[in-house]
Structures are given as structure tokens and as C-alpha cells.
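[1] Okay, structure incoming, though there's no sequence with it:
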């Protein structure tokens, strides 16, 4: 059993949380249970901290990545 | 960002860049801070961290991984020591500590992470890891080009070459930093870039040094890397490596660089503090077992690169402070065994008015004549031996007994030579001026000048030579050679000056 934390920006359906847990369970090969916490700084999406890794699918992380891409030399 | 000529419209350009964006999953390792104190952080997790890796914490704090254990990492904080909280998240950045490098740093004062301290923004494109392997044997060539310090006592008897490591060692307040600063000031117009690394010094001292460099327009070719006494031990630890990386970047472009580490004693103390807090086993004088490696891997990066690699060089002037003149203490002996020679500054000489207070007997340059121009070699060859004989005979003279004429002659010569080697600070002498002065003293011309007037005479002589001997002096500067004709012209000018000085 692996415990983790799921940071979400806004309200998520319980079904969505369950889907995310099933996805990580398949990825890590073990039952994953996520504690849900709100973090509006993420703007949208979610960030999961599980199994010693961060899986960042938040809008904030995407915006930062786009900024880095825009400022990189072609 | 480059712009295609057909996309002048910024909106169209931004749309183009956005369309080329391919988002990828953002996945990275994280850990949790389980304890923090005295700038040391213990992190649970981060099992794939590398030694020296940059760790990012919540709130914009950064640290460096120093202790790697199974399931735990010990890191030293580089900033925000008072802001770190237990249970903060820690993330591996995947890169080691880096510092910005390049021409944009010239004239700037920065901290070891590259953050400007002079209040102006810094725009750089290139970064370099602070830890780099030293050039290999085949990457180097011999040290064969002189680095002029502008100090007669050093350029004549303890010559430094480009690519050499020459230690400046002495007690507190003996002029170590002044020697290094004069060396930096003398590089003006010589295509040598300078990096001065201040480690653990007072902010007021660094501020004074900065003003001196600025007033002499030396900041045009100098970078100041500063980790003062109020910075944490980790910043003082990485400061010399950061400075070295900046200098190395220039060296690999084929340029000549001078780097001063002021001072490595404080650097060792900062490393000791960090190691004790990381619970590493203390060794001799409580220093960790790898304190030799701390300095050897730093100083080995100074080199004269082969022509295939651009022929650039990095000359290192590390400074070490001794206590009560004890050069056999732990850190001094370590650094002496690493470097290619040392300039030993003595308190007694300093207080006796001999400045720079160089003890010629205990100072050495292992590169020696290979780092001297032929003109200097011709006139300075016997100086060390003469001064050694003079020092021995001085002891007899103190007894006040009758002295035979030959001994008196040597003592008088030694006194005048010592007076000639004295030099005001921030008054570097060119090679030709040094050769002129040495011709005057070794040729016996100063025998007719009272000892008390030797310095005044030498000042007059330099003015005279720069007036009437411009051609032979210029030839020495250009070619580094002292021709017979040039020597004769200079000796004639010296004799004229002596006549004029005595007549006054």
C-alpha cells in the first residue's frame, strides 16, 4: 500500500479522485491511496506526490514550462 | 529569441512559438525535510540525488546535497537558513551547483551563486558547474610566460609564470592582500583578466578593495566573487570553486586569467564547520579528513593549456594566514605542498619598514627563471645569493665588532639593495623600470648615495630614465631582451642621474 498526497486547485469529483488513484496503482504496481488537499496556487489540474516522486499536471507547472519554452533560443 | 524577418509582429511570433510547444509530463523526485538546524537539512527521500546536486525547497530556498545515505540526504543550505521549516518539500533539480560565466561578469560584484551584489541586473546566457575536473597532463604545456606583478622583490627573485600557483602566506596584517591587489592593478593593459574571490572577509574590507579597484579602473577587467563573514558556511565553501569556474571559462577561450583566493584559511574553517555539523569524523585540528583534497582539487584547475586547447592560462594566487609565523601548521603545509612556490611575508620585516615584507630566504618560485624575461634574468641572477650572504653578515654587524672592508662593502650593498626592493603600495613598476633599478644597484651606482636617500634617488632615477631612455626601455618592454647597446645607454643615464643627485 502506498500513501500519497494529491493537491488540487478546485473541486474534484470523488470519481475523478478514484480514477487518479487507479492510474497510479497501475503505474506503481501497488495499491495507492491519496489524501486530497486544496492548493489554489496550482490554478487548475492537480499535483500528486506519491512513491517519492512528484507528478505535476497542474496549470501552474504548464505555464512555467511554456514560459521556459518561449524564452529558450530557437 | 531570434525573429524571422517575415514575422515582425510580436503576436504572430508568440503564436508560432506556442504552436511549437509540446508539453511533456513533469515528473521529479521529492523528499521531505525531517530536521533542520545551523544551515544543515536532513531530507527523507531523494534516493537518486547526486553528490553536490542542487536541491530546491519550498519558498525559493536552495541547498546542496553533501551527505548521501540510504533513503536520506544531508544538504547544506545556500540561502534562507532562518526560513527553512520541517516538513518542507525538497526537490532534486538534476543539476549541480552552477555559476554564470562570460564577459558580462567583468566589472561586477557577485555572490558564489552569481547573484549580483552591486545593485545592477545581470544578463548571462552561459552557466558552468562549479566543480570541474582539472586539465589532464596532455591538456597542458609548460609555464613559460611571465606574469608581471609589478613588485620588484617578487618579479626579480620569486618570478611568477602564467599558469602557476603561487601561495602568499604570512601572519595577519603583513600585506598579503596588498601584494595580490598590486598584482591585479598591474594587469591593466596586459590582456590578463582577473578574478578576486573574497572568502569570509568583513564587508567593510571588501568594500574598500572594490573602491580601490574602481578608482584604478581595474574593475574593467576584474570580477569580484564575494562570500563575506556574514554569509553561511556553505557559501564560503563554494565561493572559491565558483570563482575558479568563472576564470576557467575565460581560460578555455584562450585568455589569460589571474585568480586570487583570499583566503583559503577561512575557506578551510568554513568547510570544517560544515563537516562537523554534517557529523563527519573530525581529524587533525578538527578538520575533516579530506581538507587536503578541498584545496588540491581547486588549485589543480590552474594551468597553462596547450596550444591545441587555445593556449589560455589560469594563474592562482591563494592566500593563507598563519598564526605567529607558524608555516608548519596543518593548512599552511597542505597548501605549500600543493602550490608551485610561496611568497612568505614576515611581521618583523613589515614593522621594520621593509614593504613588501618578503622573506626572500623562505620564499621560492618553483618555476623560477623559466617565467622571467631575459632582461630580468640578466640583472637579477645573483640577487638571492647576495641577500642570503647579507642576512648572515647582518648578524655579525649587530655585535658592533670591527668589520673588515669586504664585509662592510657587502653590508652597504645589501642595505641599498633592501632599500631598492621597498615599494609603495599600488605603485607597480614596469619590467623596464625594474631592470633600470636593478642595473643601478647591481652596477654599484648606489654606493655613492646615502642609505637614507636611496628611495628618493630611485624615484628620481625612474623619472630620468623614462625621460632620456625611452628607446632602450621601450625595447625591453617590447622584446623582453636587454641588448648591450640598451644596457650601455641605461648605465650612462644612471651615472648622469647620480652626478645630478649628488650635486643637489
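    Great, that's in hand. Just so we're clear, the structure is a prediction, and the values are computed from it rather than from any experiment.
[2] contacting residues around whatever residue of the stretch 251-400 of chain B ends up closest to chain A?
    Closest residue of the stretch 251-400 of chain B to chain A, C-beta to the nearest C-beta: residue B:253 (20.0 Å). In this view, the C-beta of every residue, glycine as well, is placed from N, C-alpha and C. Applying C-beta atoms under 8 Å, 6 or more residues apart in numbering or on different chains to residue B:253 gives the contacts B:310, B:312.
[3] Beta-bridge partners for the most centrally placed residue in chain A, please?
    Closest to where the C-alpha atoms of chain A average out (C-alpha atoms, centre = their mean) is residue A:47, at 2.3 Å. Beta-bridge partners recorded for residue A:47 (DSSP bridges): residue A:7, residue A:56.
[4] Got the confidence number for it?
    Residue A:47 is assigned a pLDDT of 90 by the prediction.
[5] wait, what's in contact with it?
    A:6-7, A:39, A:54-58, A:61.
[6] Filter those residues down to the buried ones.
    A:6-7, A:54-58, A:61 (16 or more other C-beta atoms under 10 Å in any protein chain shown).
[7] could these go into a markdown table alongside pLDDT and distance to residue B:359?
    A markdown table is the format used below for the buried ones among the contacts of residue A:47 (pLDDT from 0 to 100; distance: C-beta to C-beta, whole Å):
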| residue | pLDDT | distance to residue B:359 |
| --- | --- | --- |
| A:6 | 92 | 69 |
| A:7 | 90 | 65 |
| A:54 | 88 | 59 |
| A:55 | 91 | 65 |
| A:56 | 90 | 62 |
| A:57 | 89 | 68 |
| A:58 | 90 | 65 |
| A:61 | 88 | 62 |
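[8] so, if you compare those residues, which one comes nearest to residue B:325?
    residue A:54 (55.9 Å; C-beta to C-beta).
[9] For the closest one, give me phi and psi.
    phi -110, psi 130 (degrees, to the nearest 10).
[10] right, and it touches residue B:25 too?
    No - look at residue A:54 against residue B:25 with C-beta atoms under 8 Å: they stay out of range, at 10.8 Å.
[11] can you give me the strands in chain A?
    Using DSSP state E, the strands of chain A run over A:2-8, A:32-38, A:45-50, A:53-58.
[12] Buried residues of the first one, list them for me.
    Looking back up the chat, that one is strand A:2-8. A:4, A:6-8.
[13] tell me the angle of it relative to strand A:53-58?
    With axes from the mean of the first three to the mean of the last three C-alpha atoms, to 10 degrees as the basis, strand A:2-8 and strand A:53-58 are set at 20 degrees to each other.
[14] now swap in the second one and tell me
    Interaxial angle, strand A:32-38 versus strand A:53-58 (the same axes, to 10 degrees): 50 degrees.
[15] Neighbouring strands - and their directions - for strand A:32-38?
    Sheet pairing for strand A:32-38, using DSSP bridges, gives strand A:2-8 (parallel).
[16] what's in contact with the partner strand?
    A:17, A:20, A:24, A:28, A:30-39, A:42, A:45-51, A:58.
[17] Pull up the residues of chain A that are close to chain B.
    A:49, A:52-57, A:61-62, A:65-66, A:69-71, A:73-74 (C-beta under 8 Å from any C-beta of the partner chain).
[18] Farthest pair within the residues you listed?
    Of all pairs drawn from these, the one with the longest distance (C-beta to C-beta) is A:52 and A:74, at 35.7 Å.
[19] what about these two, which has more around it?
    residue A:52 (17 against 9; other C-beta atoms under 10 Å in any protein chain shown).
[20] Enumerate every residue touching the closest residue to chain B within chain A.
    Among all residues of chain A, residue A:56 sits closest to chain B, at 4.1 Å; criterion: C-beta to the nearest C-beta. Applying C-beta under 8 Å, 6+ apart to residue A:56 gives the contacts A:47, B:26-28.
[21] Please repeat the previous calculation with a cut-off of 10 Å.
    A:7, A:42, A:45-49, A:62, A:64-65, B:25-28, B:30 (C-beta atoms under 10 Å, 6 or more residues apart in numbering or on different chains).
[22] Indicate the residue of chain B located nearest to chain A.
    Closest point on chain B to chain A, by C-beta to the nearest C-beta, is residue B:26, at 4.1 Å.
[23] any idea how far that residue lies from residue B:150?
    To residue B:150, residue B:26 is 55 Å away according to C-beta to C-beta, to the nearest Å.
[24] These two: who's more crowded?
    Neighbour tally, residue B:26 and residue B:150, criterion other C-beta under 10 Å: the higher count belongs to residue B:150, 23 against 15.
[25] How about the residues of chain B by chain A?
    B:1-4, B:13-14, B:16-18, B:20-32, B:44-48, B:71, B:89, B:91, B:125 (C-beta under 10 Å from any C-beta of the partner chain).
[26] 8 Å instead, please
    B:1-2, B:14, B:17-18, B:20-21, B:23-31, B:45-47, B:89, B:91.
[27] Please spell out the ChimeraX selection for the buried subset of those residues.
    Listed next is the ChimeraX selection for buried residues among these, using 16+ other C-beta under 10 Å:
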select /B:17,29,30,31,45,46,89,91
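[28] Select the longest helix from chain A.
    helix A:14-28 (DSSP state H).
[29] What are the contacting residues of that one?
    Contacts for helix A:14-28 (C-beta under 8 Å, 6+ apart): A:2, A:4, A:6, A:31-34, A:36, A:46, A:48, A:50-51, A:55.
[30] helices or strands next to the lowest-mean-pLDDT helix or strand in chain A in the packing?
    Here the helix or strand of chain A ranked lowest by mean pLDDT, DSSP states H and E is helix A:59-71, holding a mean of 86. Secondary-structure packing of helix A:59-71 (3 or more C-beta pairs under 8 Å, 6 or more residues apart in numbering or on different chains; DSSP states H and E): strand A:45-50, helix B:10-19.
[31] which residue sits closest to residue 58, ignoring its sequence neighbours?
    Chain wasn't specified; assuming chain A. residue A:42 (3.8 Å; C-beta to C-beta, 6 or more residues apart in numbering or on different chains).
[32] try chain B instead
    residue B:88 (4.5 Å).
[33] Quick one: residues contacting residue 33.
    Defaulting to chain A. Residue A:33 is in contact with A:1-4, A:21, counting by C-beta under 8 Å, 6+ apart.
[34] I was after chain B.
    B:41-44, B:57, B:84-90.
[35] Torsion angles phi and psi at the residue of the stretch 251-400 of chain B closest to chain A?
    Dihedral pair for residue B:253: phi -90, psi 10, per degrees, to the nearest 10.
[36] Need the pLDDT of it.
    Reading off the model, residue B:253 has pLDDT 97.
[37] How about residue B:2?
    So, for residue B:2, pLDDT stands at 54.
[38] what does the one 10 residues further on give?
    What the model reports as pLDDT for residue B:12 is 86.
[39] State the distance from it to residue B:253.
    From residue B:12 over to residue B:253 (counting by C-beta to C-beta), the distance is 37 Å.
[40] same check, this time on residue B:150
    25 Å.
[41] right, and residue B:441 touches residue B:415 too?
    No - under the criterion of C-beta under 8 Å, residue B:441 makes no contact with residue B:415, lying 10.6 Å away.
[42] hey, which strand is longest across chain B?
    Longest strand in chain B, counting by DSSP E: strand B:26-37.
[43] now the angle between helix A:59-71 and it, please.
    Using the same axes, to 10 degrees: strand B:26-37 against helix A:59-71 is 110 degrees.
[44] which neighbours does strand B:26-37 have in its sheet, and in what orientation?
    Using DSSP bridges, the strands paired with strand B:26-37 are strand A:53-58 (antiparallel), strand B:40-45 (antiparallel), strand B:89-96 (antiparallel).
[45] Can you add distance to residue B:327 and pLDDT and give the contacts of residue B:33 back as JSON lines?
    Formatted as JSON lines, the contacts of residue B:33 follow (distance: C-beta to C-beta, whole Å; pLDDT from 0 to 100):
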{"residue": "B:41", "distance to residue B:327": "38", "pLDDT": "95"}
{"residue": "B:42", "distance to residue B:327": "39", "pLDDT": "94"}
{"residue": "B:43", "distance to residue B:327": "41", "pLDDT": "94"}
{"residue": "B:44", "distance to residue B:327": "46", "pLDDT": "91"}
{"residue": "B:57", "distance to residue B:327": "42", "pLDDT": "93"}
{"residue": "B:84", "distance to residue B:327": "40", "pLDDT": "93"}
{"residue": "B:85", "distance to residue B:327": "46", "pLDDT": "92"}
{"residue": "B:86", "distance to residue B:327": "46", "pLDDT": "93"}
{"residue": "B:87", "distance to residue B:327": "49", "pLDDT": "88"}
{"residue": "B:88", "distance to residue B:327": "46", "pLDDT": "90"}
{"residue": "B:89", "distance to residue B:327": "49", "pLDDT": "88"}
{"residue": "B:90", "distance to residue B:327": "43", "pLDDT": "92"}
